[in-house]
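Enquirer: I'd like to go over a predicted model; first the sequence, then the structure.
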Amino acid sequence: MGESFGVVPGEVAVVTFNRPVNILSSGVLRDLVGTLDALKESAKVLVFFGEGTTFVAGADIKEMYGFGENEARSFARLIHSAFNAVEAFPVPVIAGVNGFALGGGCELALACDIVVASESAIFGMPEINLGIVPGGGGTKRLAERVGKMKAKELILTGRRVGADEALSIGLVNKVVPRGRLKDEVLSLASTIAHKPVQCLRAAKRLIESASFEEEIGVWTGLFSFEDRKRLMGEFLERKKR
């Protein structure tokens, strides 16, 4: 598990891309899919970090250079399966973005539930400068995150976006000083991990795709958990004081 990156399992599971240059090759993507599968039962929160000056700089251009259409299609299906697995991970996923999150790196961040960026973070979809377009779900996820007009601007120009602009357009949730990124992200992850896991799973699923009727069903089902009775009881006790 995690041969392409560092993995610390636990309630707050941490995956750290730690290569000299963090890029997404076929091998890294396959390892990512396997790692997510191995962590999904034990984790209450999943966190992604990147060491050095990159979160993830993008897909492996050297590998892609020799692709014909068949190889390109296989790689696209692989990167989609990886990022779909991130998006569908049953509990919250947080990206702590320190430096470059370009192309596939930006698409990975878009597949996460919450993105915290350091002041030095840089986002972008530069694929058009390589004669392609985003191929890991970026065209749809970026539009959903920042709106179609802004997504078109960023994808059609390939320009990079600093942390403050990323925050202003809704690409990230929060910007923190570079030296505080890890502490801020792990503090947020710890706060979330202390919530009832059935609520974390239910809320994520409902927000992603559910009807009002499904919400009623899930909400009703949570009344069968002891956590619900305990937490409501604690609340009522505090109100008496």
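Expert: Happy to help now that I have it. Predicted model only: the values in this text are computed from it and were never measured.

Enquirer: which residues does residue 193 contact?
Expert: 11-12, 44-45 (Cβ atoms under 8 Å, 6 or more residues apart in numbering). (Each C-beta comes from the backbone N, C-alpha and C, glycine too.)

Enquirer: try 10 Å this time
Expert: For residue 193, the contact set (Cβ atoms under 10 Å, 6 or more residues apart in numbering) comprises 10-13, 43-45, 91-92, 186, 200.

Enquirer: what does residue 40 give?
Expert: 13, 46, 85, 88-91 are the contacts of residue 40 under Cβ under 10 Å, 6+ apart.

Enquirer: on the three-state scheme, residue 95 is what?
Expert: Following DSSP: H, G, I helix; E, B strand; the rest coil, the label given to residue 95 is strand.

Enquirer: now the one 10 residues further on
Expert: In three-state terms, and counting by three-state DSSP, residue 105 is helix.

Enquirer: neighbours of it, how many?
Expert: 29 (other Cβ atoms under 10 Å).

Enquirer: please apply the same query to residue 41.
Expert: Neighbours around residue 41, by other Cβ under 10 Å: 7.

Enquirer: now it: how far from residue 51?
Expert: Look at residue 41 and residue 51: by Cβ to Cβ, to the nearest Å, they are 27 Å apart.

Enquirer: and residue 151, by the same measure?
Expert: 29 Å.

Enquirer: those two: which is more packed in?
Expert: A count of neighbours by other Cβ under 10 Å puts residue 151 above the other of residue 151 and residue 51, at 22 against 16.

Enquirer: quick one: contacts for the more buried one?
Expert: Residue 151 touches 125, 134, 138-145, 169, 171, counting by Cβ under 10 Å, 6+ apart.

Enquirer: what's the answer for residue 132, then?
Expert: With contact set as Cβ under 10 Å, 6+ apart, residue 132 has these partners: 59, 64, 67, 72, 76, 103, 126.

Enquirer: ok, residue 157 next?
Expert: 124-126, 128-129.

Enquirer: what subset of the residues you listed is buried?
Expert: 124-126 (16 or more other Cβ atoms under 10 Å).

Enquirer: nearest to residue 32 among those?
Expert: residue 125 (19.8 Å; Cβ to Cβ).

Enquirer: just confirm the closest one contacts residue 109, I think it does.
Expert: No - contact criterion Cβ atoms under 10 Å: residue 125 and residue 109 do not qualify, at 11.3 Å.

Enquirer: which residue ranges make up each domain of the chain?
Expert: Per automatic domain parsing, the domain ranges recorded for the chain read 6-192, 196-240.

Enquirer: can you list those in CSV and add mean pLDDT?
Expert: What follows is the domains of the chain, written out as CSV (pLDDT from 0 to 100):
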stretch, mean pLDDT
domain 6-192, 97
domain 196-240, 94
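
Enquirer: for those domains, which one ends up most surrounded?
Expert: Greatest average neighbour count among the domains of the chain goes to domain 6-192 (a mean of 19), per mean count of other Cβ atoms under 10 Å.

Enquirer: run the chain-centre distance for it.
Expert: Taking Cα atoms, centre = their mean, to the nearest Å, the mean C-alpha location of domain 6-192 is offset from the chain mean by 6 Å.

Enquirer: what's the span of it from first residue to last?
Expert: Distance across domain 6-192, first residue to last, is 22 Å (Cα to Cα, to the nearest Å).

Enquirer: could you identify the longest helix within this protein?
Expert: helix 69-87 (DSSP state H).

Enquirer: hang on, the earlier thing: of the contacts of residue 40, which pair is most distant in space?
Expert: Farthest pair in the contacts of residue 40, by Cβ to Cβ: 13 and 88, 15.5 Å.

Enquirer: now distance to residue 36 and secondary structure too, for the contacts of residue 40, in TSV please.
Expert: Output for those, formatted as TSV (distance: Cβ to Cβ, whole Å; DSSP: H, G, I helix; E, B strand; the rest coil):
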residue	distance to residue 36	secondary structure
13	10	strand
46	8	strand
85	5	helix
88	9	coil
89	6	coil
90	10	coil
91	11	coil
